[in-house]
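got a predicted structure plus its sequence, pasted below:
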Amino acid sequence: MPQALKSRPLSLGGILLSLMLGLSPLSAQATPSHSSLVPEQFQKQDDFEEFPPTRGTGTRPGKCGEESIRGEIFPLTPESNILTTADPNPSLYFYLPAIKNKEATFWVLDDTDEIIYDVNLTLSNNAGILQVELPEELTLTPDTRYKWGFAVHCDPRNLEIDETDEAVTGWLTRTDLEPPTNTEPLQQVEYYRQENVWQEAFEILLQQRERQPQAWADLLESEGLEDYIDAPMID
């Protein structure tokens, strides 16, 4: 079962920030400011390129012994790794390989680099799509840039986030958007895509993928996620 941890300030020189930025501890830089934090489209955005995303590529070699999972933990986000949502309490989705007897930590940092949420997760032994929900008491502020991270602890005796973990990271931002007036799922997806909101389009088609397999496949293929079209949901 997930176990929420207390929020705590983060030292900019710490190893956790290095994981979030996809950099070594010695190459961490100051966070840039941005006049607009909501990307105009799902493609890569210049404003965010100073801190390279780590959508499944990883920046360090696998440290789980023979069960190396480098590159196999994959966030189901746009290719830019900038997840846009209209939901104040969104879920994030990750593809996980079959990982035996491992714990994971998911965390969110605000725009001051303070950890505002983190939770420990016990992973199943099955491969598939894992949903990680943000709690209702954590409300994302519109037009604010958040950073998220998901780390699998290779040492089950150490649940602290450190350089031995296998981690993926990315960006999260909420846009203030009215819900669609059309009740037809594909029209709702089109509405969200026109408004450059990825998460709602993804979730609608995730729920509709058996009824709308081609639309689901098209969405994932458009962002380089075609390997996960047939992946099952896991707990």
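Good, I have the coordinates. Values in this document were obtained by computation on a predicted structure and should not be read as measured data.

and the strands in this structure?
Assigned by DSSP state E, the strands in the chain fall at 3-5, 74-75, 82-85, 91-96, 103-109, 115-122, 128-133, 145-153, 166-174, 233-234.

in CSV, list the ones you listed along with mean neighbour count, distance to residue 205 and mean pLDDT.
Quick note: C-beta positions are derived from backbone N, CA and C, even for glycine. Shown next, in CSV, are the strands of the chain (neighbours: other CB atoms under 10 Å; distance: least, CB to CB, whole Å; pLDDT from 0 to 100):
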stretch, mean neighbour count, distance to residue 205, mean pLDDT
strand 3-5, 13, 29, 40
strand 74-75, 22, 17, 94
strand 82-85, 25, 15, 95
strand 91-96, 20, 12, 97
strand 103-109, 21, 23, 94
strand 115-122, 17, 25, 93
strand 128-133, 17, 13, 97
strand 145-153, 22, 21, 92
strand 166-174, 24, 19, 92
strand 233-234, 14, 13, 96
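
how about the ones you listed in JSON lines, adding distance to residue 180?
Shown next, in JSON lines, are the strands of the chain (distance: least, CB to CB, whole Å):
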{"stretch": "strand 3-5", "distance to residue 180": "32"}
{"stretch": "strand 74-75", "distance to residue 180": "25"}
{"stretch": "strand 82-85", "distance to residue 180": "14"}
{"stretch": "strand 91-96", "distance to residue 180": "19"}
{"stretch": "strand 103-109", "distance to residue 180": "26"}
{"stretch": "strand 115-122", "distance to residue 180": "28"}
{"stretch": "strand 128-133", "distance to residue 180": "22"}
{"stretch": "strand 145-153", "distance to residue 180": "24"}
{"stretch": "strand 166-174", "distance to residue 180": "17"}
{"stretch": "strand 233-234", "distance to residue 180": "24"}
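
which stretch among these comes nearest residue 187?
Of all the strands of the chain, strand 82-85 sits nearest to residue 187, with 18.9 Å by CB to CB.

alpha carbons of that closest one, in PDB - could you do that?
This file holds the C-alpha atoms of strand 82-85, laid out as PDB (Å, rounded to 0.1, in the frame of the first residue of the first chain):
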ATOM      1  CA  ILE A  82       6.100  18.100 -20.100                       C
ATOM      2  CA  LEU A  83       2.800  16.800 -18.800                       C
ATOM      3  CA  THR A  84       0.000  19.300 -19.100                       C
ATOM      4  CA  THR A  85      -3.300  18.800 -17.300                       C
END
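
burial count for residue 188?
By other CB atoms under 10 Å, 19 other residues sit near residue 188.

what's near enough to touch it?
Taking CB atoms under 8 Å, 6 or more residues apart in numbering as the criterion, residue 188 is in contact with 180, 182, 200-201, 204.

confidence score at it?
You'll see residue 188 listed with a pLDDT of 98.

what of residue 63?
Note on residue 63: pLDDT of 54.

what bridges to residue 234?
Counting by DSSP bridges, residue 234 forms beta bridges with residue 130.

correct me, but it touches residue 125?
No: Residue 234 is not in contact with residue 125 according to CB atoms under 8 Å; the separation is 9.4 Å.

out of the strands of the chain, which gets nearest to residue 193?
Closest approach to residue 193 among the strands of the chain is made by strand 82-85 (10.7 Å; CB to CB).
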